[in-house]
Each structure stands twice: as structure tokens, then as C-alpha cells.
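Asker: Need coordinates for the following:
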Amino acid sequence: MAANLEAVPEGRTRLVKSREEAFEALFKSEYARVAGIANRVLADPHEAEDVAQEVFINFHRLHSASAPFAPAWLHRAAAHTALNRVRGRRRREKRELAQAPEEASRTVDPQQMLEVGEDRRVVRAALARLAPKPAAVLVLRASGLSYAEVAQALGVGTGQIGTLLRRAEAALRKEVTRGSSI
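Answerer: Predicted coordinates:
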């Protein structure tokens, strides 16, 4: 690091050092308050410290530590960031609760798992025997891509995807039946 400081003109070294010192002073003077604001919202000191660090990193990336609005920005950002975490937690809990009955109703049947695994193996083997373009159409579409996205990925017109997809599905069915009769 000393070698880098020597390469920078003396005035610039002081400027870099004073920026670092200004940020350090801001951090020391405001960290407890920023973490406290986050902790009041989150009621979790560890998560509040994470929020405080995130807020300071964002501030340092965007603004000068000597800005007159620095403390107010940090306090507001701590509140908003902590509230966003609470909202995110609520959304996640809501999703998990909505999915819980579905997952609870699914019992793990070893025989069924074996059959599903075998079906997947058969389909993968049939896909491997298809020509590259039909296989790609099937895989891309099954991955959730729209017709337009599949067309763009394959370099064909969007209007062709429906036809390509139907032909690829027919070829796959043929390969699956051929492979299972062997």
C-alpha cells in the first residue's frame, strides 16, 4: 500500500486520507444510532448490525462523508432498509404458509419416487437421441421461456416456434415409445 501512496502526488494522498478519515469519523459518530434505529424496527441486534453495515456501505458508495445531509440520510436509510427487511420477511412467511398445506399433503412414496426417477431417465435419454434443434426447443420451452425468447435463442422467427414445438413433442413421444420398447 505504501508503494501506491508514493505514486500519488502529496496533495492527493492527503485528500484520499482525509476522505477516509471523514468517513471513519462519520461511521464512529453515527453507527450506534443507525444500528439502534434498525434494531427498534427489527428487534434483532445482529440483523440490525447487518442493516447498519449495508447502509454505511451504500452511503460510502454514493456520497461524500463530509456531506451536511449525511446523518439524516443514514438515519432515514436505516429505517427504510430495516422496514424492507420486515416486509421481505412477511412476504416470505406468507409464501411459506401458503405452500405448507401443499407440501404437507405430499407424502413421500418411495415407489412413486423410483417411478418418477425412471420416467425422467427415459425422457432424458430420448431427448439425447433427438436432433439438437428440436431438443433445444423442448428444453427452452420447458424451462419457462416464452415463444419470443425461444425464437431469439434459436435465431428463428417467433411464428415458427409453435410448429417447431409440436414437431419436437411428436419426435420426443416417438423416441420415448421407441426407447421403452427396446
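Asker: What ranges does the chain have for its helices?
Answerer: Assignment of helices within the chain using DSSP state H yields the ranges 2-7, 10-42, 45-62, 70-105, 110-129, 132-142, 147-154, 158-181.
Asker: Mean neighbour count added to those, as CSV?
Answerer: All C-beta spots, glycine's among them, are computed from the backbone N, C-alpha and C. Shown next, in CSV, are the helices of the chain (neighbours: other Cβ atoms under 10 Å):
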stretch, mean neighbour count
helix 2-7, 8
helix 10-42, 15
helix 45-62, 17
helix 70-105, 13
helix 110-129, 12
helix 132-142, 17
helix 147-154, 16
helix 158-181, 14
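Asker: Now tabulate those in CSV and tack on mean pLDDT.
Answerer: Listed next are those as CSV, based on pLDDT from 0 to 100:
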stretch, mean pLDDT
helix 2-7, 43
helix 10-42, 82
helix 45-62, 93
helix 70-105, 84
helix 110-129, 83
helix 132-142, 87
helix 147-154, 89
helix 158-181, 89
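Asker: For stretch 38-48, output the C-alpha coordinates as CSV.
Answerer: These are the backbone C-alpha positions of stretch 38-48, laid out as CSV (Å, rounded to 0.1, in the frame of the first residue of the first chain):
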residue,chain,number,x,y,z
ALA,A,38,-32.6,-0.6,12.7
ASN,A,39,-32.8,-2.6,16.0
ARG,A,40,-36.0,-0.7,17.0
VAL,A,41,-37.6,-1.9,13.8
LEU,A,42,-36.2,-5.4,13.7
ALA,A,43,-35.9,-6.3,17.4
ASP,A,44,-32.8,-8.3,16.4
PRO,A,45,-29.4,-6.8,17.2
HIS,A,46,-27.5,-9.0,14.8
GLU,A,47,-29.7,-8.2,11.9
ALA,A,48,-29.7,-4.5,12.9
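Asker: next one: it to chain centre, how far?
Answerer: Relative to the centre of its chain, stretch 38-48 is centred 23 Å away, using Cα atoms, centre = their mean, to the nearest Å.
Asker: same thing with stretch 24-41?
Answerer: Using Cα atoms, centre = their mean, the offset of stretch 24-41 from its chain centre is 28 Å.
Asker: Could you do stretch 45-57 as well?
Answerer: Taking the mean C-alpha point of stretch 45-57 and that of its whole chain, the gap between them comes to 20 Å (Cα atoms, centre = their mean).
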